[in-house]
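Colleague: What follows is a predicted protein model with its sequence.
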Amino acid sequence: MELLLDDCEVVGINRFSLASEPVLTIAERHLWVNMACINILPDAVRVLFLLDRQAHKLTLKPASEEIQGTIRWKTPNGKPRKLLCEEFLQDVAAIMAWNADCRRKLPGVIAQDCDGAIITFELAQSEVLTLAQHRQNPLIKRLEEDVYVG
């Protein structure tokens, strides 16, 4: 029996719970990671966001406070911080030719560099959700309330 896939469609990541997988969310003027990212890099108080414009990748790399450009990515009690970064996200949107009115979720890949674990997000692999669709989802609304802004 032959399996025909012509009429099949790819089911987007927004239809699955990704609580155990690293995910970066970009919305309006903010970005934040989920708890899986925090759990992958539990000792990292500060990270560098490294943008590869050619390969269209964004990497989170743990770094010490002494390194210029580091960002405190979690609260003192270990929850993700919602980071305001409008100018940076405008740059990313321009590189990727993205509509800024959409929310994007990017699944991450855990990798190793010479200093230890890093998380890389391929910008081209983002799942798009309009802000109106996002706001209608009660699960997302509840998860957002758990993200610390500040």
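Modeller: Perfect, I can see it now.
Colleague: where along this protein do the strands fall?
Modeller: 23-27, 30-33, 46-52, 57-62, 71-72, 81-84, 102-113, 116-122, 127-130, 148-149 (DSSP state E).
Colleague: Format those as TSV; extra columns: distance to Ala93, mean neighbour count and mean pLDDT.
Modeller: In this view, the C-beta of every residue, glycine as well, is placed from N, C-alpha and C. Shown next, in TSV, are the strands of the chain (distance: least, C-beta to C-beta, whole Å; neighbours: other C-beta atoms under 10 Å; pLDDT from 0 to 100):
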stretch	distance to Ala93	mean neighbour count	mean pLDDT
strand 23-27	9	22	93
strand 30-33	12	22	95
strand 46-52	12	16	96
strand 57-62	12	20	97
strand 71-72	19	13	95
strand 81-84	15	17	94
strand 102-113	9	17	92
strand 116-122	15	19	96
strand 127-130	12	16	80
strand 148-149	21	12	46
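Colleague: which one of these lies closest to Cys8?
Modeller: Cys8 lies closest, by C-beta to C-beta, to one member of the strands of the chain: strand 127-130, at 17.6 Å.
Colleague: partners of the closest one, with directions?
Modeller: strand 102-113 (antiparallel) (DSSP bridges).
Colleague: just how off-centre is the partner strand within its chain?
Modeller: How far strand 102-113 lies from its chain's middle: 5 Å, per C-alpha atoms, centre = their mean, to the nearest Å.
Colleague: Give me the angle between it and strand 23-27.
Modeller: Orientation check (axes from the mean of the first three to the mean of the last three C-alpha atoms, to 10 degrees): strand 102-113 against strand 23-27 gives 150 degrees.
Colleague: who touches Asp52 in this structure?
Modeller: 58-59 (C-beta atoms under 8 Å, 6 or more residues apart in numbering).
Colleague: tell me which residues form a beta bridge with the residue positioned nearest the centre of the chain?
Modeller: Taking C-alpha atoms, centre = their mean, the centroid of the chain lies closest to Leu24, which sits 0.9 Å from it. For Leu24, the beta-bridge partners are Val33, Leu106 (DSSP bridges).
Colleague: ok, back up a step: turn the strands of the chain into TSV, including distance to Ile95.
Modeller: TSV is the format used below for the strands of the chain (distance: least, C-beta to C-beta, whole Å):
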stretch	distance to Ile95
strand 23-27	13
strand 30-33	15
strand 46-52	8
strand 57-62	10
strand 71-72	20
strand 81-84	18
strand 102-113	13
strand 116-122	13
strand 127-130	16
strand 148-149	26
